[in-house]
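Student: quick one: sequence and predicted model below, then my questions.
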Amino acid sequence: MGAVTGSVTANALHELAPRRSRGLLRDAWRRLLSSTTGRIGLALVIFIVAVAVIPPLVAPYDPYTDSNLAEYLKPPSWENPFGTDRLGRSVLRRIVYGANVSLRVGVLAVLISTTVGTALGLVAGYFGGLVDTVIMRLMDILLAFPAMLLAIAIVAVRGIGLTNTMLAISIVGVAGPSRVVRSMVLSIRERDYIDAARMVGARNLRIILRHVFPNTLSPIIVQMTMGIGSAILMSAALGFLGLGAVPPQPEWGAMVSDGIPFLRPGTGQAPWLVFFPGMAIMISVLGFNLLGDGLRDALDPQMTV
């Protein structure tokens, strides 16, 4: 009789778990939309994603044929709302297609760095001891280097290009998620349900994947969201230094760099070459940072009912 009762209880809990999960997600979504910061960040991110994804699908862009010297440095007008550059190319068109480059680099770099950093943090926090010491000292060494200088060094060694830019940003970003996840795991591994899982014979890998990792998802999601903004900014910085996309591929940082000479007197001043790409960078970083702040409040366990 007791076995039957236990089986029924286990089945009931198994059925209730997805409902509870859906309820928590609905509560988090409601809190995100009730936050002004979250709404603004979400709207900006949706706009950026739409700009980055839709135009390349509708009208593929060929940067090698996009030039018209007759339109050299035209100021903003109805025909070209953001003006043209030194090769007669539409600044608006290049910003739109540069959004695809920046967003792709930012998202992929953060996915890689978060995946690696999360795995290292889970292992270090759960097993502790020598494993924890070795992994965390490696992360300390990584953090000892200024992030931008380390990224420049990696790209300089491997060569310019979006793949190497993404790799450099990924390596630089590993330490942050690993330290955040480790700090969470150090607390989670002492909980009663972890001891109970060990007592019934659950293996370490199962405990980590089924009981420890799900409880670290909230800070990981927030870290990823805000990390995308930082990755876009670092990608633009590398592009500004000539270590990003290979010309003539449109990239926001490279566009700002190309426009710098035209800010000086006597060079046919064209401030729109710097202003509009700079605004694109600012809006993208601001959108992901605001969304990250909104998600942090929405996913805060202390705010759940």
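Tutor: Yes, it's here.

Student: make it CA atoms for all contacts and neighbour counts henceforth
Tutor: Fine.

Student: look up how far residue 41 lies from residue 255.
Tutor: Separation of residue 255 from residue 41 (CA to CA, to the nearest Å): 25 Å.

Student: check which element follows the lowest-mean-pLDDT helix or strand in the chain along the chain.
Tutor: Each helix and strand of the chain was given a mean pLDDT (mean pLDDT, DSSP states H and E); the minimum falls on helix 2-34 at a mean of 60. Going down the chain from helix 2-34, the next helix or strand is helix 36-58, by DSSP states H and E.

Student: which helices and strands does that following helix pack with?
Tutor: helix 2-34, helix 91-127, helix 272-298 (3 or more CA pairs under 8 Å, 6 or more residues apart in numbering; DSSP states H and E).

Student: these: which one's closest to residue 235?
Tutor: Residue 235 lies closest to helix 91-127 among the helices and strands packed on helix 36-58, at 6.9 Å (CA to CA).

Student: so where's the stretch 51-200 of the chain uncertain?
Tutor: Within the stretch 51-200 of the chain, not a single segment meets pLDDT under 70.

Student: no, scratch that, I was asking about the stretch 201-305 of the chain
Tutor: In the stretch 201-305 of the chain (pLDDT under 70), the answer is 266-268, 301-305.

Student: what is the burial count for residue 212?
Tutor: Residue 212 is flanked by 24 other residues according to other CA atoms under 10 Å.

Student: I'd like the distance between it and residue 189.
Tutor: As judged by CA to CA, residue 212 and residue 189 stand 7 Å apart.

Student: check residue 160 too.
Tutor: For residue 160, the distance to residue 189 - CA to CA - is 43 Å.

Student: now do residue 35
Tutor: 33 Å.

Student: residue 131 too?
Tutor: Distance from residue 131 to residue 189, by CA to CA: 15 Å.

Student: the two: which is more packed in?
Tutor: More crowded of residue 131 and residue 189, by other CA under 10 Å: residue 189, with 18 against 14.

Student: check contacts around the more buried one.
Tutor: Going by CA atoms under 8 Å, 6 or more residues apart in numbering, residue 189 touches 126, 212.

Student: swap the cut-off to 7 Å and go again
Tutor: With contacts defined as CA atoms under 7 Å, 6 or more residues apart in numbering, the neighbours of residue 189 are residue 126.

Student: separation between it and residue 122?
Tutor: Taking CA to CA, one finds residue 189 at 10 Å from residue 122.

Student: swap in residue 72?
Tutor: The value you get for residue 72 to residue 122, if CA to CA is used, is 55 Å.

Student: the two: who's more crowded?
Tutor: residue 122 (26 against 16).

Student: which residue is the nearest non-sequential neighbour of that one?
Tutor: Spatially, and ignoring its direct neighbours in sequence, residue 122 is nearest to residue 182 (5.9 Å; CA to CA, 6 or more residues apart in numbering).

Student: three-state assignment of that neighbour?
Tutor: Under DSSP: H, G, I helix; E, B strand; the rest coil, the three-state class of residue 182 is helix.

Student: now for it, how many residues are close by?
Tutor: Neighbours of residue 182 (other CA under 10 Å): 25.

Student: residue 160 now?
Tutor: 19.

Student: so it, which of the three states?
Tutor: Under three-state DSSP, residue 160 comes out as coil.

Student: how close does the closest residue to it other than its chain neighbours get to residue 172?
Tutor: Leaving out its chain neighbours, the residue that sits closest to residue 160 by CA to CA, 6+ apart is residue 243, at 5.0 Å. Distance of residue 243 to residue 172, computed by CA to CA: 16 Å.

Student: cool, thanks, talk later.
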